[in-house]
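Visitor: Output the structure for:
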Amino acid sequence: MNHPPITGAYGTTEDRMTRTHRTQSPRALTLVEILAVVGIIALLLAILLPALRVARANSAWAASQNNLRQIHTLMQAYVVDNRETVLPSQFDHTNVRYKGAMRSPVPSAPPIGLPLMGTWADILWTVNSLGSVQMPPDDSGTPNPYDYRYDSPDRFAYQDSPDLNGNFLRSTIDMETPFVSTEGTFSEATPFGPGASLLEIGHAGYFAANDFFDAQQGIYYTSGQIKRPSESVYLVDSRAGEIIDPLDSPWKGSDDLLCEVDFRYPGETCLFLCLDGHVQTEAMWADIEELQGQWWTSAAPPADPTGRGLRVSNLNRSDNPQP
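Guide: Got it, this is the predicted structure:
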């Protein structure tokens, strides 16, 4: 049964309920309450952002390790296909009868460096058909025939194709500081120049091969000649380019202008790939002796014969004497 609305001095029941509903509008936040909320959000961001940066840096460090392991897999395939020959750090095929395709002058000469001369990265890129990078036309609209089928991407390719930062022959962390000597910033990365320049800031960081394996003079090493593969360094993070000299200066402490190693990972560390395939993280060192030990230069044993247990020179000698 429906009952009629109750009528009184202040109108019907429905009228009073309507007036009450209209007068009970939501209360606005006070300035103090808004500032409190903003403060809480700022506090949470201050707590979370450093943790996110650390997590992102650790993720890049792990991804770079994975890149090095992929490189070692291709290196091992090269060894098997080439009668146990260790992948050269750099090569010169200009006087070779069967020159191969690496840094071929066809369809045109490479943009940087001389044709038929290159590095370990050019070999792996070419042999494994890792890609083709078509260069854009020049300012006049003339097509550029070079496509990087036989040449690992260099500065020109990276500045025109930012997506190349997924190339696993490079680090997952971009270059932040170029290699600078006492003479100033160099113009081109090794081996076609003395070191990477400001033009490569933001490009994927280099892995440099130990130039102990330089085959430009026709000298190749087999895996059986390397006495301690687990200690023998093949690749290291570098801010100079794709090769690093096996002797003293490029391996000096990071506070030295001549140091080519890039300590780009959390805690100012770098990554090494050794010939047995393991990847090792190392913090800064003061000099090469700290890295690979003091040399046996006299009858008396040195105070520190092994250092950190990594070798970058005389990898074919079991006693690793002074060069």
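
Visitor: how much space between residue 74 and residue 103?
Guide: Look at residue 74 and residue 103: by Cβ to Cβ, to the nearest Å, they are 17 Å apart. Yep, even glycine has a C-beta here, placed from its N, CA and C like the rest.

Visitor: would you list every one of the strands in the protein?
Guide: Assigned by DSSP state E, the strands in the chain fall at 7-8, 11-12, 90-92, 117-119, 180-181, 184-185, 206-210, 233-238, 243-244, 269-274, 279-283.

Visitor: need these in a markdown table with mean pLDDT, can you?
Guide: A markdown table is the format used below for those (pLDDT from 0 to 100):
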| stretch | mean pLDDT |
| --- | --- |
| strand 7-8 | 52 |
| strand 11-12 | 56 |
| strand 90-92 | 96 |
| strand 117-119 | 96 |
| strand 180-181 | 73 |
| strand 184-185 | 70 |
| strand 206-210 | 98 |
| strand 233-238 | 97 |
| strand 243-244 | 96 |
| strand 269-274 | 97 |
| strand 279-283 | 96 |
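
Visitor: could I get those strands as TSV with distance to residue 109 and mean neighbour count?
Guide: Listed next are the strands of the chain as TSV, based on distance: least, Cβ to Cβ, whole Å; neighbours: other Cβ atoms under 10 Å:
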stretch	distance to residue 109	mean neighbour count
strand 7-8	101	10
strand 11-12	96	13
strand 90-92	15	20
strand 117-119	11	25
strand 180-181	28	15
strand 184-185	25	11
strand 206-210	22	28
strand 233-238	25	26
strand 243-244	21	26
strand 269-274	31	21
strand 279-283	35	16
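
Visitor: picking that back up, neighbour count for residue 74 and residue 103, which is higher?
Guide: Taking other Cβ atoms under 10 Å, residue 74 and residue 103 do not tie; residue 103 has more neighbours (24 against 19).

Visitor: right, and residue 91 touches residue 123 too?
Guide: Yes: assessed by Cβ atoms under 8 Å, residue 91 is found in contact with residue 123 at 7.1 Å.

Visitor: quick one: low-confidence parts of the protein?
Guide: 1-28, 50-54, 181-184, 254, 295-303, 319-323 (pLDDT under 70).

Visitor: longest helix in it, by residue count?
Guide: With secondary structure taken from DSSP state H, the chain has its longest helix at helix 31-81.

Visitor: residue contacts, the residue positioned nearest the centre of the chain?
Guide: Nearest to the mean C-alpha position of the chain, by Cα atoms, centre = their mean, lies residue 171 at 1.6 Å. Neighbouring residues of residue 171 by Cβ atoms under 8 Å, 6 or more residues apart in numbering: 64, 67, 204-207, 237, 264, 271.

Visitor: Walking through the protein, point out its helices one by one.
Guide: Counting by DSSP H, the helices of the chain are 13-23, 31-81, 120-127, 155-160, 288-292.

Visitor: closest to residue 229 out of these?
Guide: Using Cβ to Cβ as the measure, helix 31-81 is the one of the helices of the chain that comes nearest residue 229, at 11.0 Å.

Visitor: for the closest one, packing partners?
Guide: Applying 3 or more Cβ pairs under 8 Å, 6 or more residues apart in numbering; DSSP states H and E, we find helix 31-81 packed against helix 120-127, strand 206-210, strand 233-238, strand 269-274, strand 279-283.

Visitor: Could you find the closest non-adjacent residue to residue 57?
Guide: Leaving aside its chain neighbours, residue 57 sits nearest to residue 266 (4.7 Å; criterion: Cβ to Cβ, 6 or more residues apart in numbering).
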